[in-house]
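Asks: one predicted model, sequence on top.
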2 protein chains.
Amino acid sequence: MSARVSVEEHAAFVRSLLSGLGARPTERVALAEALGRITASPVESPIALPPFRNAQMDGFAVRAADVAAVPVALPIAGEVAAAPGEPAALAPGTAVRIMTGAPVPEGADAVVPVEDTEPGAEVDGAASVTVLRGRSAGEYVRDAGSDLEAGDDVLPPGLTLGSRHLAAAAASGLTELLVRERVRVAVISTGSELVAPGETLGAGEIPDANGVALAAAVRAAGALVVHEARVRDDVERLRGELDAARAAGAEVVLTSGGVSKGAYEVVRELLEPLGAWVGSVAMQPGGPQAVAAYRGMPVIGFPGNPVSAQLSFELFVAPTLRAISGRPAASVARIALAEPLVSIEGRRQYLRGRRDDDGRALVVGGPGSHLVATLAASDLLIVVPEEVTELAAGDLVETIAL
Amino acid sequence: MSARVSVEEHAAFVRSLLSGLGARPTERVALAEALGRITASPVESPIALPPFRNAQMDGFAVRAADVAAVPVALPIAGEVAAAPGEPAALAPGTAVRIMTGAPVPEGADAVVPVEDTEPGAEVDGAASVTVLRGRSAGEYVRDAGSDLEAGDDVLPPGLTLGSRHLAAAAASGLTELLVRERVRVAVISTGSELVAPGETLGAGEIPDANGVALAAAVRAAGALVVHEARVRDDVERLRGELDAARAAGAEVVLTSGGVSKGAYEVVRELLEPLGAWVGSVAMQPGGPQAVAAYRGMPVIGFPGNPVSAQLSFELFVAPTLRAISGRPAASVARIALAEPLVSIEGRRQYLRGRRDDDGRALVVGGPGSHLVATLAASDLLIVVPEEVTELAAGDLVETIAL
């Protein structure tokens, strides 16, 4: 029996096998699909922002020189709305009524807000406005390009796209963005005892929880599930599903089950002869683990118990997927224990827990790797180091938020 | 001109108009679609977890009484795998080889791990196992129902579903869950100057940034966009889109543009005669706002400038949508200013900013509500209260993470 490797050694092994995923292929996606994706290159705006000089306030477009001395009455030569079309140039000594966002006519160099004016008498048969407060050139005028010049970068590469980034891209007239492809993952549950959730259970059968859970965990980590399967303990069936995963473009395969020392360990049986490492990690739950390359495709083998499989994903695969997809890492905190606990020596224990009303970490349920409902009732993992066998209430423990 | 209302008053007004959204209709969704959704009722497991008594280790199922004195050799009567089928009952004085997860035969009450055994001599022509360490009744046996009894709640109501919750539901044999429907939102951009992003811009035209940005922000807040439209400043067209939103089942409509005091203010023109409040909030950007009910459907009207529209969504609508969909509230922190700033009296300023290398808040760009690229380059809003006109470097300011 091979010696157990440490959690850190195994994590580093998996991380190095997955390091090739960091160099992502790219794809173009519509803005409406781009939320949460990551820009693959600097995004250049083809137009200036704003594209044309426009009014910052409702009011009157004027020549600043004409309102240097106030009050002054100016005939109203027309009106410019925020609407298509080129306004006529402003004749000296006149004003044009203008709406926020409307193009400022050539010849005008300031906007007098409507609050600083009052209706004037008719001048030569036309309405006039009396300007009560002068404005210097440029006031209440947004220059073309004052936010961004045409050709400038509106978004940097490596950015996780939020709604405000999509706003800037749309304002630049863009309809799609070049983003990194999501990592393509296959999820394969193994075990002759497994049936699809919802199927009637015969003797010795249980619903497969790992397929649903690992696929959801992959998606939550920002990756894409391209193939899902469930196989009984049959080497040729597993080989067939690995081939199907490869045909679906999977860049990594996650298996559950079939990695321990017993008989009918299908992942071990297929992959060990192909050079897989199948061994034991000094942790509980989740000791038996496998790491392989199948026809060049990384395969990460988790134990079959749902709690073990989910914990293994969280520790060994999620950090890489989250980093690639711009998702935040799991939050780790040191919290005081609510109650004493005992642990086994030589393995790192990951106990399921939650915060009690005082914010202290409380163990939920027992250490059994089959306690899938208990895991669902937990919101953190309590980490007990290998060398620690007893902890007292109030001792600080490392916790990982779920 | 009506007096300005405070940010708090307006937020409370919008919140009360949206309070009816809290009572959500429910829908059944497949487990694979349920990630991030919220359970609408307690979820009962139709089966016990585990569904049958099974082995916690690879080893031998025995009667504890038969291994009370060790070492003891027991003939191996057979083998039980984790696979369909009912194992034969264990005859007293025999052992059965058993795999992790396999059903423990009737008559057996303990499992001896393989590490605590060694191969024995043949007994009556059959292979035997020598048990080196006794086990008491129940050891390494997982009882049916030890995680959960049939009929127990496996998930509580009001839970935001993560992968571990889906694991527990799948392990219970469930295929779908009753969840709260997402809030159904319509997004309508108004303004004759707007064209779809990507269309060639004529004079006086700009791409519509608000449609894309508000729809993405709605999705990021956990709600569903059921109708999107862009209308020019034409009351009948806006009425048509509101009717279409209603027909699409929208529970709330977000409009941008058309709410200020100028001419061609289409939201004001349509909705004010129907009883809308259209007025000014003491904030910058985002002062002009509207709140209405159109045929019983709440309509929240934001200003047309993209920065104003996005800020208005964040302040007035996002908190309600996030709370309903179980998303965390925006994170608020008090941070020291990197540089002095000046602000206008009587309005709350929301300046765009980011953290500098020392973690202090740095203003990015100017206060203009048209600076959509600047907003994209920001990652926080710096809040300057109404009565404050000057702040020094090092002063603490409230910031809202974007």
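Replies: Great, that's in hand.

Asks: now the residue lying closest to A:Asp124 once chain neighbours are set aside: which helix or strand?
Replies: Once flanking residues are discounted, A:Asp124 sits nearest to A:Pro75: 6.4 Å by Cβ to Cβ, 6 or more residues apart in numbering or on different chains. C-beta here means a position set from N, CA and C on the backbone, and glycine is covered the same way. Per DSSP states H and E: A:Pro75 is located in strand A:72-80.

Asks: for that strand, packing partners?
Replies: Using 3 or more Cβ pairs under 8 Å, 6 or more residues apart in numbering or on different chains; DSSP states H and E, the elements in contact with strand A:72-80 are strand A:59-62, strand A:95-98, strand A:117-123, strand A:126-131.

Asks: B:Gly326 versus A:Ala401, what's the distance?
Replies: 15 Å (Cβ to Cβ, to the nearest Å).

Asks: which one of the two is surrounded by more residues?
Replies: The neighbour count for A:Ala401 versus B:Gly326, taken as other Cβ atoms under 10 Å in any protein chain shown, is higher for B:Gly326 (16 against 11).

Asks: that one and B:Thr160 touch, don't they?
Replies: Yes: between B:Gly326 and B:Thr160 there is a contact under Cβ atoms under 8 Å: 3.6 Å.

Asks: mind listing the shared neighbours of the two?
Replies: Common neighbours of B:Gly326 and B:Thr160 are listed as B:36, B:38 (criterion: Cβ atoms under 8 Å, 6 or more residues apart in numbering or on different chains).

Asks: buried ones in the strand holding A:Pro75?
Replies: A:72-78, A:80 (16 or more other Cβ atoms under 10 Å in any protein chain shown).

Asks: can you list the strands that it pairs with?
Replies: Strands adjacent to strand A:72-80 in the sheet, as given by DSSP bridges, are strand A:95-98 (parallel), strand A:126-131 (antiparallel).

Asks: tell me the most buried of those strands?
Replies: strand A:95-98 (a mean of 28; mean count of other Cβ atoms under 10 Å in any protein chain shown).

Asks: who does the lowest-mean-pLDDT helix or strand in chain A pair with, and is each partner parallel or antiparallel?
Replies: Within chain A, no helix or strand scores below strand A:117-123, which has a mean of 86 by mean pLDDT, DSSP states H and E. Strand pairing for strand A:117-123, determined by DSSP bridges: strand A:126-131 (antiparallel).

Asks: which residues touch the strand it pairs with?
Replies: Strand A:126-131 has contacts (Cβ under 8 Å, 6+ apart) with A:60, A:62, A:67, A:70-77, A:95, A:97, A:112, A:116-122.

Asks: downstream of that strand, the next helix or strand is which one?
Replies: Scanning forward in sequence from strand A:126-131 by DSSP H and E, the next helix or strand is strand A:141-142.

Asks: hang on, A:Val179 packs against A:Glu27?
Replies: Yes: assessed by Cβ under 8 Å, A:Val179 is found in contact with A:Glu27 at 6.4 Å.

Asks: state which one residue of the stretch 301-402 of chain A is found closest to chain B.
Replies: Per Cβ to the nearest Cβ, A:Ala376 is where the stretch 301-402 of chain A lies closest to chain B, at 3.6 Å.

Asks: confidence score at the nearest residue to that residue once chain neighbours are set aside?
Replies: In space, and not counting its chain neighbours, A:Ala376 is closest to B:Ala168: 3.6 Å by Cβ to Cβ, 6+ apart. On pLDDT, B:Ala168 comes in at 97.

Asks: give me phi/psi at B:Ala168?
Replies: Per-residue torsions, B:Ala168: phi -70, psi -40 (degrees, to the nearest 10).

Asks: buried ones in the longest helix anywhere in chain A?
Replies: Secondary structure of chain A read by DSSP state H shows that its longest helix is helix A:235-247. Using 16+ other Cβ under 10 Å as the test for burial, helix A:235-247 gives A:235, A:237-239, A:241-242, A:245-246.

Asks: which one of these is nearest chain B?
Replies: Ranked by distance to chain B (Cβ to the nearest Cβ), the buried residues of helix A:235-247 are led by A:Arg237 at 13.7 Å.

Asks: how about the closest one: what's its closest non-neighbour residue?
Replies: A:Val231 (4.3 Å).

Asks: please name the residues that touch A:Glu390.
Replies: A:340-343.

Asks: if we use 10 Å, what do you get?
Replies: Contacts for A:Glu390 (Cβ atoms under 10 Å, 6 or more residues apart in numbering or on different chains) come out as A:340-343, A:384.

Asks: tell me the confidence at it?
Replies: A:Glu390 carries a pLDDT value of 96.

Asks: pLDDT averaged over stretch A:139-154 - what is it?
Replies: pLDDT averaged over stretch A:139-154 gives 95.

Asks: please apply the same query to stretch A:17-37.
Replies: 95.

Asks: would you mark the buried spots in it?
Replies: A:17-18, A:21, A:24, A:29, A:31-32, A:34-37.
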